[in-house]
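**Q** I would like the atomic coordinates for the input below:
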Amino acid sequence: MDIELGEVQAKFADIIWEKEPILSGELTKICEKELGWKKSTTYTVLKKLCEKGIFQNINGTVTSTKIGRASCRERV
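**A** Numbers count the residues shown, from 1 in each chain. So this is what the prediction gives:
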């Protein structure tokens, strides 16, 4: 199953994959610095990718699911 990610979602996903497991608070700080995002933007995109089944946010810790990086590709 391939999941398409937009350019911004792909950059965000890469940050999580590189640093997981990562606390959601730390993720918001990294996204503010690297992507120029506000806290609300980070949580909105995280929620969308969790709904797609790529990530999970359990008790404030973000990790990837069994779907994994190999099943995701950037939409061109």
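
**Q** now do the phi/psi pair for Asn73.
**A** One thing to correct before we go on: residue 73 is Arg, not Asn. phi -140, psi 150 (degrees, to the nearest 10).

**Q** can you name the residues that contact the residue nearest to the spatial centre of the chain?
**A** Centroid check for the chain by C-alpha atoms, centre = their mean gives Ala13 as the closest residue, at 3.8 Å. Going by C-beta atoms under 8 Å, 6 or more residues apart in numbering, Ala13 touches Leu5, Leu49, Ile54, Phe55, Arg69, Cys72. Placement of C-beta: from N, CA and C, glycine included.

**Q** that one should be in a strand, yeah?
**A** No. Counting by DSSP: H, G, I helix; E, B strand; the rest coil, Ala13 is not part of a strand but helix.

**Q** need the per-residue pLDDT for it.
**A** Per-residue pLDDT puts Ala13 at 94.

**Q** ok, now Met1?
**A** 60.

**Q** buried sites along the helix or strand harbouring Gly25?
**A** Secondary structure assignment for Gly25, by DSSP states H and E: helix 24-35. Neighbour-count burial for helix 24-35 flags Ser24, Leu27, Thr28, Ile30, Cys31 (criterion: 16 or more other C-beta atoms under 10 Å).

**Q** could you dump stretch 42-61 to PDB, C-alpha only?
**A** In PDB, the C-alpha atoms belonging to stretch 42-61 read as follows (Å, rounded to 0.1, in the frame of the first residue of the first chain):
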ATOM      1  CA  THR A  42       2.700  20.900  13.800                       C
ATOM      2  CA  TYR A  43      -0.100  19.200  15.600                       C
ATOM      3  CA  THR A  44      -2.500  19.500  12.700                       C
ATOM      4  CA  VAL A  45      -0.100  17.900  10.300                       C
ATOM      5  CA  LEU A  46       0.800  15.200  12.900                       C
ATOM      6  CA  LYS A  47      -2.900  14.400  13.300                       C
ATOM      7  CA  LYS A  48      -3.400  14.000   9.600                       C
ATOM      8  CA  LEU A  49      -0.400  11.700   9.300                       C
ATOM      9  CA  CYS A  50      -1.600   9.700  12.300                       C
ATOM     10  CA  GLU A  51      -5.000   9.400  10.600                       C
ATOM     11  CA  LYS A  52      -3.300   8.000   7.500                       C
ATOM     12  CA  GLY A  53      -1.700   5.400   9.800                       C
ATOM     13  CA  ILE A  54       1.900   6.500   9.300                       C
ATOM     14  CA  PHE A  55       2.600   7.700  12.800                       C
ATOM     15  CA  GLN A  56       1.100   7.300  16.300                       C
ATOM     16  CA  ASN A  57       1.200   9.800  19.200                       C
ATOM     17  CA  ILE A  58       0.900   7.900  22.400                       C
ATOM     18  CA  ASN A  59       1.100   9.900  25.600                       C
ATOM     19  CA  GLY A  60       3.000  12.600  23.900                       C
ATOM     20  CA  THR A  61       5.600  10.300  22.200                       C
END
